[in-house]
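Asker: fold the following.
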Amino acid sequence: MSFYERRILPRLINFACGTDLITRQRQKLIPLAQGVVLEIGFGSGLNLPFYDRTRVSRLLGVEPSNELREMSRRNADDLLPLELIGPSGEAIPLKDKSVDTVVSTYTLCTIPDVDSALREIRRVLRPDGVLLFSEHGRAPDPGVWRWQDRVNPLWKRLAGGCNLNRDVSGLLYAAGFKLDKLEQGYLPGPRLITFNSAGLARLG
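Answerer: Below is the predicted model of the structure:
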């Protein structure tokens, strides 16, 4: 792993995912989490301030970056007890049907095998559990998504594996989730990177 990937990229990700615009998306979504909560792509812990401590009985995290894992541990000290259980959303070290809420915020774009990760999320969710998600992805406008496809190979190399052009709602439907709530639209900023899908999914 290069110096850029180890030292610079985690800080860039933390900065980009901590903007006021993205923070407002987190503020709307994260307080809905309850019970045993598993956050995929925990990052530096940017969701931590928005969890309702009275509703969360246990907070588990999966995060591949050692640098971001250390940042999340420091950030969790005064907020919520955090258990980092592994590096990969594609192989979650939990029993079947053991989680009440899975949280994924700006993570599905980066997971190498996103289909496997969604199967793992289905496996660990209880039958009445929910997946809370807010993700950027493939734009609906042909003029935008064609450019997303063109730019994606370079973007992916520079942005730690992040893909501009994943169809978030399509991936969830294909994985067998039903979407109880879905809000989609462009956030302020360049349309290549700002089409956002957020909502609540359940097992289909």
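Asker: secondary structure element for the residue of the chain positioned farthest from its centre, which one?
Answerer: Residue farthest from the centre of the chain, counting by Cα atoms, centre = their mean, is residue 143 at 26.1 Å. Per DSSP states H and E: residue 143 is located in helix 142-158.
Asker: do residue 101 as well
Answerer: Per DSSP H and E: strand 99-105 holds residue 101.
Asker: pretty sure residue 120 contacts residue 93?
Answerer: No - using Cβ atoms under 8 Å, residue 120 is not in contact with residue 93, being 9.9 Å away. For every residue, glycine as well, the C-beta is placed using N, CA and C.
Asker: with neighbour numbers in mind, choose between the two.
Answerer: Neighbours were tallied for residue 120 and for residue 93 using other Cβ atoms under 10 Å; the higher tally belongs to residue 120 (23 against 12).
Asker: count of neighbours near residue 51?
Answerer: 21.
Asker: follow-up on the earlier one: how far away from the center of its chain is the strand holding residue 101?
Answerer: 9 Å (Cα atoms, centre = their mean, to the nearest Å).
Asker: so what touches it?
Answerer: Residues from elsewhere that reach strand 99-105 (Cβ atoms under 8 Å, 6 or more residues apart in numbering): 17, 25-26, 29-30, 32-41, 46-47, 60, 121, 124-126, 129-135.
Asker: adjacent strands (with direction) for that strand?
Answerer: The pairing partners recorded for strand 99-105 under DSSP bridges are strand 35-40 (parallel), strand 125-136 (parallel).
Asker: any buried residues in the last one, and which?
Answerer: Read it as strand 125-136. Residues of strand 125-136 classed as buried: 125, 129, 130, 131, 132, 133, 134, 135, 136 (neighbour count, 16 or more other Cβ atoms under 10 Å).
Asker: can you check stretch 161-179 too?
Answerer: 162, 163, 164, 165, 166, 168, 169, 171, 172, 175, 177, 179.
Asker: got it, and stretch 146-155?
Answerer: In stretch 146-155, counting by 16+ other Cβ under 10 Å, buried: 147, 148, 152, 155.
Asker: for stretch 85-104, same thing?
Answerer: Going by 16+ other Cβ under 10 Å, stretch 85-104 has these buried residues: 88, 89, 90, 92, 94, 98, 99, 100, 101, 102, 103, 104.
Asker: no further queries at this time; thank you.
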